[in-house]
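> predicted coordinates and the sequence they were generated for:
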Amino acid sequence: MSKKIIDDLVYPELSFKVVGCAFEVYNELGFGHAEKYYQKALAVALKNKSIPFKEQAYFPLKFQGEIIGKGFCDFVVEDKIIVELKKNAHFSKANIDQVNQYLKTSGLKLAILINFTSSGAIFKRLVNLNAN
């Protein structure tokens, strides 16, 4: 990767660590488990690497200052990156829309959508262009 590309990434070192943890989870567990077990395993991997995170992080949905709903993403890492886990063969529009909504609601800059597939862990970085 060129230095220019790395400089343009949002939270490159932290996101590489998170993705590395997902690869560790896949390498040890393989494919075919329920999503909740991948989530529990990723929590262990993050904890073992001393990476601060919140699991099932709550985001209120507001309209004109009133809370009208709530959302929960799988993880928020270091109060910077939303991490959402799925068990799909590809990135669906619904999953991408869901993660983009978490970004918008939270005001965070970066989300990583991780899919555990039969051929490995794959990931997609989503950036909130409206975040400060």
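The structure has been received and is ready for your questions. Numbers count the residues shown, from 1 in each chain.

> quick check: longest helix of the chain.
Of all segments of type helix in the chain, defined using DSSP state H, the longest is helix 12-29.

> from the centroid of the protein, which residue is nearest?
Geometric centre of the chain, nearest residue: residue 83, 1.3 Å, by C-alpha atoms, centre = their mean.

> roughly how far does it sit from residue 67?
24 Å (C-beta to C-beta, to the nearest Å). All C-beta atoms are positioned from the backbone trio N, CA, C, and that covers glycine.

> that older thread, dump the residue contacts of the residue nearest to the centre of the chain.
18, 42, 53, 73, 74, 75, 76, 77, 111, 112, 114 (C-beta atoms under 8 Å, 6 or more residues apart in numbering).

> and the fifth one, which of the three is it?
Okay, so that is residue 74. strand (DSSP: H, G, I helix; E, B strand; the rest coil).

> need the pLDDT of the residue sitting furthest away from the middle of the chain.
Farthest-out residue of the chain from its mean C-alpha position, per C-alpha atoms, centre = their mean: residue 64, at 27.8 Å. Predicted confidence (pLDDT) for residue 64: 94.

> how near is it to residue 129?
The value you get for residue 64 to residue 129, if C-beta to C-beta is used, is 24 Å.
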